[in-house]
Structure formats: C-alpha cells, structure tokens
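Q: this one's structure only:
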C-alpha cells in the first residue's frame, strides 16, 4: 500500500528566505504525486502535481517540486517566501482508482 | 461556480446523538469523497462514491454511513456519535476515479463530540 512521510511537523522561515518542504513516499509503481496547501479554516487547494515526464514541476503561487525516483522524494520548494504562504502543506500520493494517501502535513510559519 | 460546499461549518454533539453532514458540488463531477482530518494524521478517507448510485468504504469507515443522493450531493451520517469522531470533515470531488484527475475540497466541517 502506498504511504507518505513528511518528516517536518513544523518549519519556521523568515520572509524572503527560501523554503524546502520534504516528502517521501512509498509506492510500488509509478506514483502520482501531489502537494496541497491548507490555509487556516479552509479546505485544501492543489499547488502542483506530478504524473510523468519532466521531474521538475511548476505550480501555482511560485512553488515548484522535484520528483526524485532514486530517493522516493517529492520535495516542495519556493525561492522566496511571502507572509501569505503561512499555512499547512500536505503531500499526497495517488494510487490506482484515485485512492490518495496524505502525509501528516507540515505547518509553515513565516517570520517578518 | 461555488465548487464544493459543505454544511454545517461547525457542530457540537453529545455522545450518542446523530447528525448528517451535507456536501454538494457544482462541477458535474462523477466521484465524491469524505475524509476526516486529525492532528498529526493528515487526511484519511472514510467513504467514497465513484459514481452516482455507488458507494464504497475507505480507510476508516466504522461509525459512518453515506448516501449519494444524486450526482451533486453526497452526505455523511453519524448514527451514534462518539468522542473519537471529533474531527474536521472534508468533502471532495473529482471528475472520475482515474488518478489523473485532481480532487477538489470543500471548506470543512468542524465537529466536536462531548
């Protein structure tokens, strides 16, 4: 069965600094990988997804993620964080039939 | 388009009470899902409906029932609420169960069972 690990429960970065959120997955076949963001009191919004092809995928709000099969990772990055990026971020792996497994989430705090 | 809507936004129940969480989508999606979100555990699938007229158990179905009322609406019922069901519940929908299609989420229902 597929699973997702997000090693960092909480990360704090200064506004303008770069960001990398880690995600490791376990899945026997080619994974479909997603990053979602959840602002306080809101539902989840898709940031980006990887299905195949170019291993560096671009998403909304200036985010990107890189799929590394050898490391079973799909880390999310942003070169310069804005205060509005403070939120909770979820990595998910999609198996057949769109069964998704979510990581436990990483909460991002942005310092002014 | 409103996307995925859920009602109510907040609810407090006493142990043993019942309630139904409502979800509707206006994107003409075939598949709908109910998740619960607990601290440190991410989202876990309770039930899903691949298409109108079908429902299936997910990862944590015990204590819940669902109804796919029509293509738009998918409700979640707690027959006898327990404190362990205190959680935030999210409804989602997607064009189909094909994993190419992303899931769209509602704003959530925060449920407390005392």
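A: Yes, it's here. Bear in mind the structure is a predicted one, so any value in this text is a computation, not a measurement.

Q: quickly find the element holding residue A:37.
A: strand A:32-38 (DSSP states H and E).

Q: nope, residue A:41 is what I meant
A: Assigned by DSSP H and E, residue A:41 falls within no helix or strand.

Q: what's the burial count for it?
A: Using other Cβ atoms under 10 Å in any protein chain shown, residue A:41 has 10 other residues around it. For the C-beta atoms, the positions are set from N, CA and C on the backbone; glycine is no exception.

Q: is chain B within reach of the strand holding residue A:37?
A: Yes - interface with chain B: strand A:32-38 contributes A:32, A:34, A:36 (Cβ under 8 Å from any Cβ of the partner chain).

Q: run a quick neighbour tally on the nearest residue to the last one once chain neighbours are set aside.
A: It stands for residue A:36. Nearest residue to residue A:36, sequence neighbours excluded (Cβ to Cβ, 6 or more residues apart in numbering or on different chains): residue A:44, at 4.2 Å. Applying other Cβ under 10 Å, we find 26 residues neighbouring residue A:44.

Q: Three-state assignment for residue A:13, please.
A: strand (DSSP: H, G, I helix; E, B strand; the rest coil).

Q: OK, contacts around it?
A: Going by Cβ atoms under 8 Å, 6 or more residues apart in numbering or on different chains, residue A:13 touches A:19, A:81, A:108-111.

Q: beta partners of it?
A: Residues in a beta bridge with residue A:13, per DSSP bridges, are residue A:110.

Q: what's the pLDDT at it?
A: Residue A:13 carries a pLDDT score of 97 in this model.

Q: re the thing from before, I'd like the average pLDDT over the strand holding residue A:37.
A: 94.

Q: next, the angle strand A:32-38 makes with whatever helix or strand comes next after that strand.
A: Next helix or strand after strand A:32-38 toward the C-terminus (DSSP H and E): strand A:44-50. Computed by axes from the mean of the first three to the mean of the last three Cα atoms, to 10 degrees, the angle separating strand A:44-50 from strand A:32-38 equals 150 degrees.

Q: of the contacts of residue A:13, just say which sits nearest to residue A:71.
A: residue A:19 (18.7 Å; Cβ to Cβ).

Q: the closest one - how many residues pack around it?
A: Using other Cβ under 10 Å, residue A:19 has 17 other residues around it.

Q: so how far is chain B from it?
A: Distance of residue A:19 to chain B, given as Cβ to the nearest Cβ, to the nearest Å: 20 Å.

Q: pLDDT weak spots in chain A?
A: Counting by pLDDT under 70, the ranges of chain A that qualify are A:96-98.

Q: I appreciate the help and will end here.
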